[in-house]
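>>> Here you go, sequence then predicted model.
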Number of protein chains: 4
Amino acid sequence: MSATWGENIKLTIFGESHGPGVGIVIDGLPPGLQIDMEFVRNELERRATGKNMLMTARKEPDAIEIISGYFDYHTTGGPLSFVIKNKDQKSKDYSQLKNWMRPGHADYTGNVKYRGFNDYRGGGHFSARITTPFVVAGAIAKQILAKENIYIGSHIKSIANIEDRDFEEKDLNKNIFGELAKEQLCVLNKEVANKMRDEILQAREELDSVGGIVETAIINLPAGVGEPFFESIESKLASMIFSVPAVKGIEFGKGFGITRLRGSEANDEYYYDKNGNVKTKTNNNAGILGGISNGMPIVFKTALKPTASISKPQKSINIETKKEEEFAITGRHDPCIVPRAVVILESAAALTILDMLIESRRYNGFK
Amino acid sequence: MSATWGENIKLTIFGESHGPGVGIVIDGLPPGLQIDMEFVRNELERRATGKNMLMTARKEPDAIEIISGYFDYHTTGGPLSFVIKNKDQKSKDYSQLKNWMRPGHADYTGNVKYRGFNDYRGGGHFSARITTPFVVAGAIAKQILAKENIYIGSHIKSIANIEDRDFEEKDLNKNIFGELAKEQLCVLNKEVANKMRDEILQAREELDSVGGIVETAIINLPAGVGEPFFESIESKLASMIFSVPAVKGIEFGKGFGITRLRGSEANDEYYYDKNGNVKTKTNNNAGILGGISNGMPIVFKTALKPTASISKPQKSINIETKKEEEFAITGRHDPCIVPRAVVILESAAALTILDMLIESRRYNGFK
Amino acid sequence: MSATWGENIKLTIFGESHGPGVGIVIDGLPPGLQIDMEFVRNELERRATGKNMLMTARKEPDAIEIISGYFDYHTTGGPLSFVIKNKDQKSKDYSQLKNWMRPGHADYTGNVKYRGFNDYRGGGHFSARITTPFVVAGAIAKQILAKENIYIGSHIKSIANIEDRDFEEKDLNKNIFGELAKEQLCVLNKEVANKMRDEILQAREELDSVGGIVETAIINLPAGVGEPFFESIESKLASMIFSVPAVKGIEFGKGFGITRLRGSEANDEYYYDKNGNVKTKTNNNAGILGGISNGMPIVFKTALKPTASISKPQKSINIETKKEEEFAITGRHDPCIVPRAVVILESAAALTILDMLIESRRYNGFK
Amino acid sequence: MSATWGENIKLTIFGESHGPGVGIVIDGLPPGLQIDMEFVRNELERRATGKNMLMTARKEPDAIEIISGYFDYHTTGGPLSFVIKNKDQKSKDYSQLKNWMRPGHADYTGNVKYRGFNDYRGGGHFSARITTPFVVAGAIAKQILAKENIYIGSHIKSIANIEDRDFEEKDLNKNIFGELAKEQLCVLNKEVANKMRDEILQAREELDSVGGIVETAIINLPAGVGEPFFESIESKLASMIFSVPAVKGIEFGKGFGITRLRGSEANDEYYYDKNGNVKTKTNNNAGILGGISNGMPIVFKTALKPTASISKPQKSINIETKKEEEFAITGRHDPCIVPRAVVILESAAALTILDMLIESRRYNGFK
């Protein structure tokens, strides 16, 4: 079972790519919250499909239907739920794939786990389609965090071998995050955007796909959030980020690179800034020590594999004939999911951080 | 709150480095299990300290006191609990560190979170000391998995810049795993062991420390284990692995490297082997698709930072004087925690995989 | 937060009485289950309104819209979700009640908890309307239990002072349960049904309401299901039963009456029946010892208070004027909720027992 | 699995009656709490054995060993854990009972559940012995609640047929609760205490046992605590109370009696008292509506069955010989557990209410 997530806010997701719709229940939101639906729609637009050559042509209008928990333009405090109906699905494209197990997809693993009863159309419950309501939830979490002055921003660190520079201190503020969120290929070094675009279009032309890395930062999280061991910030963020389809790696701060430093380099020395605030001179540990925030930015990189759906012919097994067959997946695919994944990863981060922030205040008001 | 972990077996850990002891409660084990205590002690020996120059001189005899759940040489099915008393702690070494926040440690974050009431001696609850009972639990999980023919093995992929080769197919069997477990610096390419040793001793001599990467493999996990999204194998393993102190990154299969492949390369094509078993030609996805196992080995790499405790003088803040001070941490430290971390990471993996395996059988016996 | 329930199957409920609809997500069902929708509709019919004078005239067509988890006439194994749209609500009836706190209702407690943002129309999220999808889930649980030969039946033990006899051994079989389920006033002693009807109609005529007691039995649950302490059968059943609106008491077996017995009377002596099965001569403990089933029927009684909504004028506070006011609740009410509650209580029991049954099989297949 | 309980504070219990000891881990307590150990010992004394003829002669010195979470006379905020070693157990008394299943005990159900591997000595993990650390946890919870001005008190409502009067408004204050806590047979109508004592001694003389009812009240819980449906105050309290061995029924406020009232009588009408506080004229609903507190006292009654262990010969099955045998349980037993159960029930209530109080403050400090 895996439909429900969270300790302090609980998300329950449901739906399949080609069924009636997808949805989410968000439990534990504070009552009285006004949701900026314009912002929610903008966030959805960031993950939306069908906009240009970089993406699948499938159009998902993503009309959000509120079922409960919102009354008189405010959250009620009860479970907030949304359904987003599926509209532009083309089941015919997929039905022939019932028995041919697409490489890199969950077709075979889902078939085994669910004893052949999984909805195989378009990946069914495994489809990234289910990240739509997830982005809605993330957009709400971001609004609550913004009131606490906590912001989340991302840029595409790389597409295939095309690399952007890393986040630097000057990039970590809400204005730049806002600018980045407007770009489809959001990079710090503007010159690489075109190279990335070319790389993606090249892959598309070759009926293939490419992957990449996203770097995400969370700023202004106060010190003292997080837990030792099982609920370290790294544990909870990693767990959520790996829920996003196609993620294969995560690293915090210097990440794998920290293994090449000496302790004297890796340790981030503390100092008091001119306002008496505690800071560290470096931030190799990504603002997290012992699983708990120290007030510095939380920074992490996420590795996304190239889209599994490609139009190039591939070999795989047919579980009915018990033979290998070559097959070309028709239908519409993203040649690169990284641009659309950015907002999904930010949503994952926003929801996780909100959950942990609430946790950190559990004894507020106790003597 | 973070003391309890798990869905299908539940672990509850407790204890501090310099308090009376550390312990664990393991709930949900099957009744009637005979625990091979010799194996448990061997596993503890793998993480034990004080054995040589590579490690801290603190000796931890680690006498395991069973409090409950074991009767007549079998598990009862009720909560199995252990306490391991602390013996060789030297609190004097640490008490002067009450106010000076060690860089790279949880001193400051713990102080903020717990409002100054945390046990600061030796890191208190944040100490790696708490991984002792965790290894006991892992050793028990390994025994249950072994009955299912599931084995876990690791090697040190790198120490600082000294690199071992990656796991290859020929390495992935229980005999080689057994050989590796006997080595303190467990590597595949035997020639790098001495270089790693030199690197560690060099750091020690310079009152500094080094980090490294561990590669871990889980073999014979059947297809169909794991869940989509929130409880993907990657999510659960990553969450647990990041609970281990000093971990800063994790990647599955090709990991970050997969972002540089084309989809046609990254997708692992399925085939039937001569026995009719489903296999993939490559294993870039580490045996996991859509969060669920496909029967291929689960392989992941973990990045461990250099030991935060170093004897070299460092600058940091004194939270009482509100000033920066230079300080050299006295006491005994590992110049590199990687060799001792191997068995802890394996324990984390064993416990996670056992939890997910039980989950995957929830409907066995239902019509 | 309280929208999600369960360890081995997870339910997430959402919705309000006068919002767009109510719904449920059921996670953890086995894949490949064919749902008998006719049975589901029959169960819904048992809780349905508007059928006669004993009930509220509000008609709830209860058209079940499946959103996910059902494909090709079988459960997929992914989250199964339903939405039932609200249709016949009359919000005008309720809007005047925004500030006048109905006695016996959750108006005031909900207003305080949710800081005035709760949807007050018709009780909002507190409405028994939300038990509609709950009955759908219960009907599915009953179908799975029936395959295991486990059945649940109930009768109305009392309405006000009119009492039916207790369940006897001869009543505890699926045929009699089936007969009882067809009756609106399901009693064992058929003669009391008319008296109960008169009692209810009398209360209705006097613009008042009456309560009652339901006795429920679960048969053929094998021995060994349940857990000691925190997850005793009594704990889990009681927790779920008290989730049903209007419940104020529960007792198992002899219940409060057992306090008047001597130990030698209360203890149920074991014997082997002619087939060698373990039985007890009496069943004062309701088939549960140490929280775990012993194979005898689980029997419990539930106390339901009289409907809080009555047409008689009542005094209460107006939280706007901060004064007491007399008011008569208009709109449509059940003069007695007991007849409709029967199927809701059975649903609660079915879901709880299914959850515990799955739990009890967790180690099936482990060596 | 059932060793861990709670959402906002987590308890993990372990231990058996005749093993090395019993213990508890309490996770989620606020840091900086000074525990009044004198009060803890007094509470333990209230459940202690061996004091007089009303109780088992087994002496349990109950020396509390703190393992973690307490440093410098304050809670650290990390997991607080205790072990209480078993001392006066006489395993010989019990070993002959390995195969004879005591009526009214968990011997048979535990044997089936745990496939014969349960520790059968003295009930093993099912023993009320495990309520010792539970009372320690309850005593700590009471101290936190007292700072919030929330108090819990109880009296014995009945022993067999000897009845005390119900709680009245005048009884519901901390002074009277304090007086009651000092009495072994704590009653409101002092005259019934002797009759109860006689009833217990009479049963003891006849090698038999008696049960009874405890009434418990929680005062000054603010309005707005609790959740609708699955986490109603009734659900959570009932679930915890049924974890206490021997409990067979619970009712809130008027409880089963409310089923005989008309709605116009059962509904508790609100008014403003002279200080402008919201009150109800009656409290039939025990201060709970829609699962949430309304500020009135929470009052409930708990039914406890007569002690299952009696010295009178009883018939039961021998699972080895597969025959029925008559047997007299030797050893030391309470002729009535009610007097000792009072503090256990209060502990259960204190822990539950603390958990829900923390929950109710989750959004304190959020804008």
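In hand now; what should we look at?
>>> Let me know how buried A:Phe82 is, in neighbour terms.
Applying other Cβ atoms under 10 Å in any protein chain shown, we find 24 residues neighbouring A:Phe82. For the C-beta atoms, the positions are set from N, CA and C on the backbone; glycine is no exception.
>>> Residues in a beta bridge with it, which ones?
Legend: beta-bridge partners of A:Phe82 under DSSP bridges are A:Ile24, A:Ile66.
>>> Which residues of the stretch 51-200 of chain A lie near chain D?
A:Gly78, A:Ile144, A:Lys147, A:Glu148 (Cβ under 8 Å from any Cβ of the partner chain).
>>> which residues does the second one contact?
The reference is to A:Ile144. With contact set as Cβ atoms under 8 Å, 6 or more residues apart in numbering or on different chains, A:Ile144 has these partners: A:Leu29, A:Pro30, A:Leu33, A:Leu354, D:Phe366.
>>> Which parts of the stretch 51-200 of chain A are helices?
Listed in chain order, the helices of the stretch 51-200 of chain A (DSSP state H, counting those that start in this stretch) span A:91-95, A:107-113, A:131-147, A:174-182, A:191-205.
>>> Which of these sits closest to D:Ser235?
Distance to D:Ser235, taken as Cβ to Cβ, is lowest for helix A:131-147 among the helices of the stretch 51-200 of chain A, at 26.5 Å.
>>> what residue ranges in chain A score low on pLDDT?
Low-confidence segments of chain A, defined by pLDDT under 70, span residues A:49-61, A:88-96, A:367.
>>> Kindly recompute the last result at 90.
By pLDDT under 90, the low-scoring segments of chain A are A:1-2, A:47-63, A:87-98, A:122-123, A:127-128, A:327-334, A:362-367.
>>> Mind listing what's buried along stretch A:16-36?
Neighbour-count burial for stretch A:16-36 flags A:16-33, A:35 (criterion: 16 or more other Cβ atoms under 10 Å in any protein chain shown).
>>> Work out the gap between that stretch and the centre of the chain.
Remark: stretch A:16-36 is offset 16 Å from the chain centroid, using Cα atoms, centre = their mean, to the nearest Å.
>>> show me the contacts for the nearest residue to A:Met196 once chain neighbours are set aside.
Leaving aside its sequence neighbours, A:Met196 sits nearest to A:Ile159 (Cβ to Cβ, 6 or more residues apart in numbering or on different chains; 4.1 Å). Counting by Cβ under 8 Å, 6+ apart, A:Ile159 touches A:Leu185, A:Met196, A:Glu199, A:Ile200, A:Val210, A:Gly211, A:Gly212, A:Cys336, A:Val338.
>>> before we move on, what about A:Ala308?
Contacts of A:Ala308 by Cβ under 8 Å, 6+ apart are A:Arg102, A:Pro103, A:Gly104, A:His105, A:Ser209, A:Ala246, B:Gly263, B:Ala266, B:Asn267.
>>> cool, A:Lys323 as well?
A:Lys323 neighbours (Cβ under 8 Å, 6+ apart): A:Ile317, B:Tyr272.
>>> Residue of the stretch 1-150 of chain A nearest chain B, please.
A:Ala106 (2.4 Å; Cβ to the nearest Cβ).
>>> how far away is the residue nearest to that residue when sequence neighbours are not counted from chain C?
The shortest distance from A:Ala106 to any non-neighbouring residue, by Cβ to Cβ, 6+ apart, is to B:Gly290 (2.4 Å). Here the criterion is Cβ to the nearest Cβ, to the nearest Å. By it, B:Gly290 lies 11 Å from chain C.
>>> count of neighbours near B:Gly290?
Using other Cβ under 10 Å, B:Gly290 is surrounded by 28 other residues.
>>> do the same with A:Glu183
Residues near A:Glu183, counting by other Cβ under 10 Å: 15.
>>> Number of residues surrounding the closest residue to it other than its chain neighbours?
Leaving aside its sequence neighbours, A:Glu183 sits nearest to A:Ala193 (Cβ to Cβ, 6+ apart; 7.4 Å). Residues near A:Ala193, counting by other Cβ under 10 Å, number 18.
>>> What of A:Gly331?
Applying other Cβ under 10 Å, we find 15 residues neighbouring A:Gly331.
>>> Also A:Gly276?
A:Gly276 has 7 nearby residues by other Cβ under 10 Å.
>>> Tell me how many other residues surround the residue nearest to it when sequence neighbours are not counted.
Nearest residue to A:Gly276, sequence neighbours excluded (Cβ to Cβ, 6+ apart): B:Lys322, at 7.2 Å. For B:Lys322, the count of nearby residues is 11 (other Cβ under 10 Å).
>>> can you check A:Lys190 too?
10.
>>> before we move on, the earlier item: show me which of the contacts of A:Ile159 is closest to chain B.
A:Gly211 (4.1 Å).
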